[in-house]
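Engineer: I'll drop the sequence and a predicted model, then ask my questions.
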Protein chains: 2
Amino acid sequence: MSLSITTKDVAEKAGVSQATVSRVLNGYPYVNEKTRQKVLEVIKEMGYQPNHVARSMVLQQTKTLGLIVSDITNPFYGEIAKSIMDWAREAGYNVVLCNNDNSREMQDYYQNFLLQKRVDGIIFASVSMEDEEVVKLVRSNFPCIMCNRRLKNNAGSFVVSNNERGAFKAVSYLMSLGHRRIGFISGPANFSTAAERLKGYLEALKAYGVEVDNSLVIQGRFHKQFAYEAAAKLLALENRPTAIFGANDLTALAAMECVLDHGLDIPKDMALVGYDDINISSHRRIGLTTVAQKKEEIGRLAVEKILEMIAKKKRDEKLEPVHIYLEPQLIIRDTCGRNQKERRWNNEGFSL
Amino acid sequence: MSLSITTKDVAEKAGVSQATVSRVLNGYPYVNEKTRQKVLEVIKEMGYQPNHVARSMVLQQTKTLGLIVSDITNPFYGEIAKSIMDWAREAGYNVVLCNNDNSREMQDYYQNFLLQKRVDGIIFASVSMEDEEVVKLVRSNFPCIMCNRRLKNNAGSFVVSNNERGAFKAVSYLMSLGHRRIGFISGPANFSTAAERLKGYLEALKAYGVEVDNSLVIQGRFHKQFAYEAAAKLLALENRPTAIFGANDLTALAAMECVLDHGLDIPKDMALVGYDDINISSHRRIGLTTVAQKKEEIGRLAVEKILEMIAKKKRDEKLEPVHIYLEPQLIIRDTCGRNQKERRWNNEGFSL
DNA sequence: CCATCCTTTGCATACGTATTCATAAAGAGT
DNA sequence: ACTCTTTATGAATACGTATGCAAAGGATGG
């Protein structure tokens, strides 16, 4: 347990050189079996613990990934973070987690900080579309990858949901149920998720020959309070929508509260669809119909790809951008009033 | 942005020694103003970024905290983690997050790993009561602190909820509403939270002169599936309870699903109380009456105390254990059928 | 003018490890 | 007995930074 014991101390006690101890630790072939045993014995006896800082210094790699998340209290990111941490550990990496609270200032601070910590790579979840610092980082050939949201112009590597298709599926589904006035509570325009889901929303309207009513589309922040107020605005319209599509589950959940607070029934008076499929959305009391993202897979792919980039970088090769679009899946539950089948524990709904 | 540029490179270009560059970077007083300016200029020009690994090496401190969490997808830990990360950053520290999935093996792995990374301190959220490795760590005078759960015999430092009182409040409240048969879905016996909340449950029964019925107390894991099945067991009793106290919110939420799946009404047929007050519990569709933990404060205190310990350790002083019990607060919402007042957005309920 | 102090700088070293280079001993083949 | 290879080890160095020590230059005061 003694952290201040070095290979030098071990060497001294074992009557060998520091180099030999190092060789034993790293499984170097040419070490006499007897010496090896002796060294291992002393290591155990003294409770030696390798110093990763020194190791990083000489090996020029920290075996550490940076992960910048926009809000770790959002279960969506919690699940992605978990997946990333699990897969990173699998590969002998650990993760420094940073929470930028969707603030550009924090984002820049953490990015710089992680670089100074000499992490081997950075996973961004999630960036805003025109983050100059991330663009610079991508250009500098530093291993990094984006999850969920991405930069504009396809810059850099990313693992994202096919948001356009996801939103298209969601809105098409609502229209197939007869809805024609569909509100859309969107996120910030500079978040690729919000922009792309809006695109999907518009496409679906077009496919059904429905004209766009701009008063039904509310741009804003991904924030509970904001989403609640946005829903209130939609409800206050003289010709109010019969359905609301929230740009993510938390938004939809806030809208749900607003609708209920107005004494309306879901789904009778108002249908509701979200995006992400966070854990709570499947709760019987919530039963949110939503577009699912495979969070475990996003994390797995992000780690897999960034490790490949790190390996490539070490061989001094140029990093080719990786673009991964995951197929979104519509999970039909109760908030659109169609799923009349009896729902049971762990019933994850039906896909479209 | 160039990470491979060192103080030596800067020194060369600025025509000074490496030591002088270092002195400029650290705001050392005796540097000629002209030299300082020149050096700063070159630093900017070359895009020099300090190497924290080397810095950690010589300063013998990493400015990094380890945080081992049992399940980051549980919003309770998400909020604690956020608070910890925020306060750590405030103090110039960063956080390596580890997820042990309540597995003893992962716990030991990560603890060891963090020590090898030479983090300055470790925050545990949450340990099991007889974790030998944590006990050893505490004994070794290494700065560490526990959140939420703690070791037995008051070993080490911790910031926890006064679980006994919290459970007492919750169960007393149920009894004040007339409930006499109250089920308790507990967590593992070797989690201090579970053990202490059970104690509070029993005390409350005693205070009301109600005899304990062991069939109403179900010990188990903090796991959705388990909690659901535990609730099913309670419902299957010939003389089933009229209320269920879940050892945490996720447990209560799972129980809620089970109760609803059995066609029962909440709160008419079954009252429900949880513990933690995670974000979703206040959702209008959930309205879970629960014992609140101040997650932000837990994080703040944990960081504050561990930084004190780190400072003390550096002065070679012995670390005095810190024991903090936070007063739990009962938040009354809808699941016990008493809160008839109109609930509105952001209404956090009433405290008892 | 000399002693003393303050300011400024460079040299050298330390942090703990991995690894190259050199060397020595031991076998192996002729 | 001799080279040649294989095995085994230690000495020395590098990684990038901070800092103690020495020294040089200038300023100050008597």
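Structural biologist: It's in.
Engineer: who touches the helix or strand that contains A:E296?
Structural biologist: Using DSSP states H and E, A:E296 sits in helix A:295-314. With contact meaning Cβ atoms under 8 Å, 6 or more residues apart in numbering or on different chains, helix A:295-314 is reached by A:61, A:65, A:76, A:79-84, A:86-88, A:91, A:93, A:120-121, A:123, A:125, A:141-145, A:147-148, A:157, A:159, A:318-319, A:322, A:324, A:326. C-beta coordinates here come from the backbone N, C-alpha and C atoms, glycine included.
Engineer: buried ones from the residues you listed, can you make that a PyMOL selection?
Structural biologist: Filtering the contacts of helix A:295-314 down to the buried ones (16 or more other Cβ atoms under 10 Å in any protein chain shown) takes a single PyMOL command:
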select buried, chain A and resi 61+65+76+79+80+81+82+83+84+86+87+88+93+120+121+123+125+142+143+144+145+147+148+157+159+319+322+324+326
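Engineer: hmm, A:A255 and A:K224 touching each other?
Structural biologist: No: using Cβ atoms under 8 Å, A:K224 is not in contact with A:A255, being 10.1 Å away.
Engineer: report the secondary structure state of the closest residue to DNA strand D within the stretch 51-200 of chain A.
Structural biologist: Taking Cβ to the nearest atom of the strand, DNA strand D has its nearest neighbour within the stretch 51-200 of chain A at A:V58, 3.6 Å off. Under DSSP: H, G, I helix; E, B strand; the rest coil, the three-state class of A:V58 is helix.
Engineer: tell me which helix or strand A:K318 sits in.
Structural biologist: Using DSSP H and E, A:K318 sits within no helix or strand.
Engineer: for A:N163, give me its contacts.
Structural biologist: Shown in contact with A:N163 (Cβ under 8 Å, 6+ apart): A:S192, A:T193, A:E196, A:R197, A:K199, A:G200, A:Y275, A:P328.
Engineer: ok, A:V160 touching A:I324?
Structural biologist: Yes: using Cβ under 8 Å, A:V160 is in contact with A:I324, at 7.2 Å.
Engineer: quick check: A:C258 vs DNA strand C, distance?
Structural biologist: 58 Å (Cβ to the nearest atom of the strand, to the nearest Å).
Engineer: strands along chain A, start to end?
Structural biologist: Using DSSP state E, the strands found in chain A span residues A:64-69, A:94-99, A:121-125, A:144-147, A:158-161, A:182-185, A:217-218, A:243-246, A:271-276, A:289-292, A:323-326, A:329-332, A:350-351.
Engineer: identify the residues contacting the first one?
Structural biologist: Residues from elsewhere that reach strand A:64-69 (Cβ under 8 Å, 6+ apart): A:77, A:80-81, A:84-85, A:88, A:93-100, A:107, A:110-111, A:114, A:117, A:119-126, A:303, A:306, B:96.
Engineer: what sits against the nearest residue to A:A232 once chain neighbours are set aside?
Structural biologist: Distances taken as Cβ to Cβ, 6 or more residues apart in numbering or on different chains place A:C258 nearest to A:A232, at 5.4 Å, with adjacent residues excluded. When contacts are counted by Cβ under 8 Å, 6+ apart, A:C258 touches A:Y228, A:E229, A:A231, A:A232, A:L235, B:W345.
Engineer: try it again with 7 Å
Structural biologist: A:C258 makes contact with A:Y228, A:A231, A:A232, A:L235, according to Cβ atoms under 7 Å, 6 or more residues apart in numbering or on different chains.
Engineer: relative to DNA strand D, how far out is the closest residue to the last one other than its chain neighbours?
Structural biologist: Sequence neighbours aside, A:H262 is the residue nearest to A:L235 in space, at 5.5 Å (criterion: Cβ to Cβ, 6+ apart). Using Cβ to the nearest atom of the strand, A:H262 is found at 59 Å from DNA strand D.
Engineer: low-confidence regions, chain A specifically.
Structural biologist: A:1, A:338-352 (pLDDT under 70).
Engineer: for it, what spans make up the helices?
Structural biologist: In chain A, the helices defined using DSSP state H lie at A:7-14, A:18-25, A:33-46, A:52-59, A:75-90, A:104-116, A:132-139, A:163-176, A:192-207, A:224-236, A:249-261, A:295-314.
Engineer: now those as JSON lines including distance to B:A167?
Structural biologist: Shown next, in JSON lines, are these (distance: least, Cβ to Cβ, whole Å):
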{"stretch": "helix A:7-14", "distance to B:A167": "50"}
{"stretch": "helix A:18-25", "distance to B:A167": "49"}
{"stretch": "helix A:33-46", "distance to B:A167": "44"}
{"stretch": "helix A:52-59", "distance to B:A167": "42"}
{"stretch": "helix A:75-90", "distance to B:A167": "26"}
{"stretch": "helix A:104-116", "distance to B:A167": "38"}
{"stretch": "helix A:132-139", "distance to B:A167": "47"}
{"stretch": "helix A:163-176", "distance to B:A167": "42"}
{"stretch": "helix A:192-207", "distance to B:A167": "41"}
{"stretch": "helix A:224-236", "distance to B:A167": "29"}
{"stretch": "helix A:249-261", "distance to B:A167": "29"}
{"stretch": "helix A:295-314", "distance to B:A167": "33"}
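Engineer: nearest to B:A19, of those?
Structural biologist: The closest of the helices of chain A to B:A19 is helix A:52-59. By Cβ to Cβ, the value is 19.1 Å.
Engineer: list the buried residues for the closest one?
Structural biologist: Neighbour-count burial for helix A:52-59 flags A:H52, A:V53, A:R55, A:S56, A:M57 (criterion: 16+ other Cβ under 10 Å).
Engineer: how about residues contacting that helix?
Structural biologist: Residues contacting helix A:52-59 (Cβ under 7 Å, 6+ apart): A:T62, B:V53, B:A54, B:S56, B:M57, B:T62, B:Q116, B:K117, B:R118.
Engineer: from the chain's centre, how far out does it sit?
Structural biologist: 29 Å (Cα atoms, centre = their mean, to the nearest Å).
Engineer: okay, the angle between that helix and strand B:64-69?
Structural biologist: Going by axes from the mean of the first three to the mean of the last three Cα atoms, to 10 degrees, helix A:52-59 is angled at 120 degrees with respect to strand B:64-69.
Engineer: widest-spaced pair of the contacts of helix A:52-59?
Structural biologist: Checking the contacts of helix A:52-59 with Cβ to Cβ, the most distant pair is B:A54 and B:Q116, at 17.8 Å.
Engineer: how many neighbours does the closest residue to DNA strand D within the stretch 201-350 of chain A have?
Structural biologist: Across the stretch 201-350 of chain A, no residue is closer to DNA strand D than A:K314, which sits at 14.2 Å (Cβ to the nearest atom of the strand). Neighbourhood size, A:K314 [other Cβ atoms under 10 Å in any protein chain shown]: 12.
Engineer: please list the residues of the stretch 1-150 of chain A that sit near DNA strand C.
Structural biologist: Residues of the stretch 1-150 of chain A that fall close to DNA strand C, judged by Cβ under 7 Å from any atom of the strand: A:4, A:6-8, A:18-19, A:22-23, A:25-26, A:50-51, A:54-55, A:57-59.
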